[in-house]
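1. Have a look at this fold, sequence not included:
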């Protein structure tokens, strides 16, 4: 099988498709093929490889205009990974990788000159590639510059000339201005960037630092250098392997290369960025000094290995340590939330929409700032808290904090710092360094980010992207030695059949990354249970109101307490009735939740059942015993007659509470009127007068009729708040 047959059957070599076509068109010309046959046969193959008709026609025409090449030239076997595979470069042993110090030598023998050029060509170019070079120079601005675009020859032809000692075709016309060579192969049609066939190398050079300092920095960086040439002047030319697939990737990689070199103190000539740039040819005299080839194939093997090395070198990872447990139990970080969260650790709060997660976070912020209790866990002392508010406008956020503080009986606490970022949120990658910079000296111990969807970038179902996202929480906590708390939402659908740590939407990273997870799942509350809740809360509220006035109420139901109040404390009957109505109304919109914790550092506590009783979460006592979540125990979520679906009361409750308060005021007004001797019900006028006496406001006849209608509706629906 000859070279052309192998080419027709070989897969394309990315980055060298034009070159391969050019080379084999030259073979076809040498074998006597007419150009039309080459266009048909080779063009079909090149078209399969992805070249356009214009590229094919131009390349074959260029080959037929050039000097024919020997048909016996072998076609290189396709390399693994195409043009990006640099395994063919053999690194020198470590002892040979040392770059010599000092200036370039003043003399060189023809044999050494030939060897340096051949070694350079082998290190920088692949077999069969065209090499561009320039012999002639002229004075320009006090320095010698290339006089023309030069010429190009096959790499193997040039090596053969070197081995034969025939340097005249290469450097025969070179003067004291030296000679130049291009470090990327050309297509034979010119010497511009468009003529580059493989974006393999980039040039870095510095004219503004001592040569020995340049050597030191190049060795420190361990750049993947194919050839290092002393310019014979005041710089080193490093031909760096970057292995770009195309011009766009070349530009990107060169920009990164220059950025890193500059950051390491290597001041570079920025004009050397283009791929067709000329560099100094080794083995040639320049103003009494040799353009000396100092080394080939030094540093890392390729661009990928070098980037991995640089990232690893600059990772700022701590040193490895020997485990020593001979001195007793090692210390651990103090607890911020007792039995749940340590300093510098991460807590995730997960739950469905409208579970009151933000309220729970603000409740935590206030409890931590005051030193108290949260979800039954003690916070031993006041902590300095940063609350990153990404969702609420500043006024609403502060009003909510104030409302929660009133319920928690927290006063005069100024240890919470709020960072309002609504409308200014950026990705967590951008936010993290700014946050660290702003509070690095503030002594913050607990950072709450609410909510994370505002700073979440990437696909939440991608484990790698979410791992990177969660690593930013580690960065914040490590830099500030602060605990991080954030919330995330449940996935769609019933969640009762899942374990607590698996309910968060997206990647399983959210289940594995936090040190502690607090999960809220809604419990189904039916009509009968809600009646019990309303009665319990009403009794508690009424007893509290009576006790506040220095009276001692008896045990009994809400109705019995109301009758006792009219008989023994009529002056506070309106307050007691108001407390009863408010409590019963709150019961209609309260939602029930089971709070489950998954902890890495501590024993898992028993689940807690709680109510979200605006604006805080409170213990449910035994009022939710036996309540279950949608999808739990084989339930599909439909509650039938005994349990209503989660969220039903919440969706209807805001208008119910107003009706219940009115109905309870009607009940209180009726109960305050002494019964008539003949047993007749009180008239509307008497009820309206009693209403005014109890609540300090008059009620119209129309409003009274509406109150009676609402009370009747509630009675018929079997709800608490039934008028007497």
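-> That came in fine, so what should we check first? Values in this document were obtained by computation on a predicted structure and should not be read as measured data. Numbers count the residues shown, from 1 in each chain.
2. Tell me the pLDDT of the most centrally placed residue in the chain.
-> Closest residue to the average C-alpha location of the chain: residue 469 at 3.3 Å, with C-alpha atoms, centre = their mean. If you check residue 469, the pLDDT there is 81.
3. And for residue 643?
-> pLDDT at residue 643 comes out at 45.
4. Surely the residue nearest to the centre of the chain is within a helix?
-> Yes: counting by DSSP: H, G, I helix; E, B strand; the rest coil, residue 469 is part of a helix.
5. show me where pLDDT drops low in the stretch 401-550 of the chain?
-> For the stretch 401-550 of the chain, residues meeting the criterion pLDDT under 70 lie at 412-413, 492-502, 504-507.
6. Now do the strands in it.
-> Using DSSP state E, counting those that start in this stretch, the strands of the stretch 401-550 of the chain run over 416-420, 446-450, 483-489, 516-523.
7. Can you give the strand pairings for the second one, parallel or anti for each?
-> Same thing as strand 446-450. strand 385-389 (parallel), strand 483-489 (parallel) (DSSP bridges).
8. what's in contact with the first one?
-> Surrounding strand 385-389, the residues in contact under the criterion C-beta atoms under 8 Å, 6 or more residues apart in numbering are 361-362, 365, 368-369, 397, 415-422, 435, 439, 442, 444-450, 482. No exception for glycine: its C-beta is placed from N, CA and C like everyone else's.
9. okay, the angle between that strand and strand 416-420?
-> 20 degrees (axes from the mean of the first three to the mean of the last three C-alpha atoms, to 10 degrees).
10. Off-centre distance for strand 385-389?
-> 20 Å (C-alpha atoms, centre = their mean, to the nearest Å).
11. What are the buried residues along that strand?
-> 385-389 (16 or more other C-beta atoms under 10 Å).
12. Over it, what's the mean pLDDT, rounded is fine.
-> On average, strand 385-389 scores 94.
13. got the residue ranges for the helices in the stretch 201-350 of the chain?
-> 211-221, 247-263, 303-313 (DSSP state H, counting those that start in this stretch).
14. Let's have the ones you listed in JSON lines, adding distance to residue 536, mean neighbour count and mean pLDDT.
-> Formatted as JSON lines, the helices of the stretch 201-350 of the chain follow (distance: least, C-beta to C-beta, whole Å; neighbours: other C-beta atoms under 10 Å; pLDDT from 0 to 100):
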{"stretch": "helix 211-221", "distance to residue 536": "73", "mean neighbour count": "18", "mean pLDDT": "89"}
{"stretch": "helix 247-263", "distance to residue 536": "67", "mean neighbour count": "15", "mean pLDDT": "90"}
{"stretch": "helix 303-313", "distance to residue 536": "61", "mean neighbour count": "15", "mean pLDDT": "83"}
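15. Using TSV, lay out the ones you listed together with distance to residue 617.
-> Conversion of the helices of the stretch 201-350 of the chain to TSV gives the following (distance: least, C-beta to C-beta, whole Å):
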stretch	distance to residue 617
helix 211-221	56
helix 247-263	50
helix 303-313	45
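16. which of the contacts of strand 385-389 count as buried?
-> Here, 16+ other C-beta under 10 Å leaves 361-362, 365, 368-369, 397, 415-421, 435, 439, 444-450, 482 buried among the contacts of strand 385-389.
17. returning to what we had before: of all the helices of the stretch 201-350 of the chain, which lies closest to residue 463?
-> Nearest to residue 463, of all the helices of the stretch 201-350 of the chain, is helix 303-313, at 20.4 Å by C-beta to C-beta.
18. and the angle for the closest one with helix 211-221?
-> 90 degrees.
19. Show me what helix 303-313 is packed against.
-> Helix 303-313 is packed against strand 236-244, with contacts defined by 3 or more C-beta pairs under 8 Å, 6 or more residues apart in numbering; DSSP states H and E.
20. Mind checking the pLDDT average for the strand it packs on?
-> For strand 236-244, the mean pLDDT works out to 95.
21. Which residues does it contact?
-> 15, 83-84, 86, 89, 123-124, 183, 199-206, 211, 214-215, 218, 223-231, 250, 252-254, 257, 279-280, 294, 302-304.
22. Can you turn the buried part of those residues into a PyMOL selection?
-> In PyMOL syntax, the buried subset of the contacts of strand 236-244 is picked out as below (16+ other C-beta under 10 Å):
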select buried, resi 15+83+84+86+89+123+124+183+199+200+201+202+203+204+205+206+211+214+215+218+223+224+225+226+227+228+229+230+231+250+253+254+257+279+280+294+302+303
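23. Restricted to strands, list the contacts of strand 236-244.
-> When those are checked against strands (DSSP state E), the matches are 199-205, 225-230, 279-280, 294.
24. Pull the most distant pair out of these.
-> Those two in these that are separated most widely, counting by C-beta to C-beta, are 199 and 230, at 25.2 Å.
25. rewinding a little: tabulate the buried residues of strand 385-389 (JSON lines), appending distance to residue 23.
-> Output for those, formatted as JSON lines (distance: C-beta to C-beta, whole Å):
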{"residue": "385", "distance to residue 23": "70"}
{"residue": "386", "distance to residue 23": "65"}
{"residue": "387", "distance to residue 23": "67"}
{"residue": "388", "distance to residue 23": "61"}
{"residue": "389", "distance to residue 23": "65"}
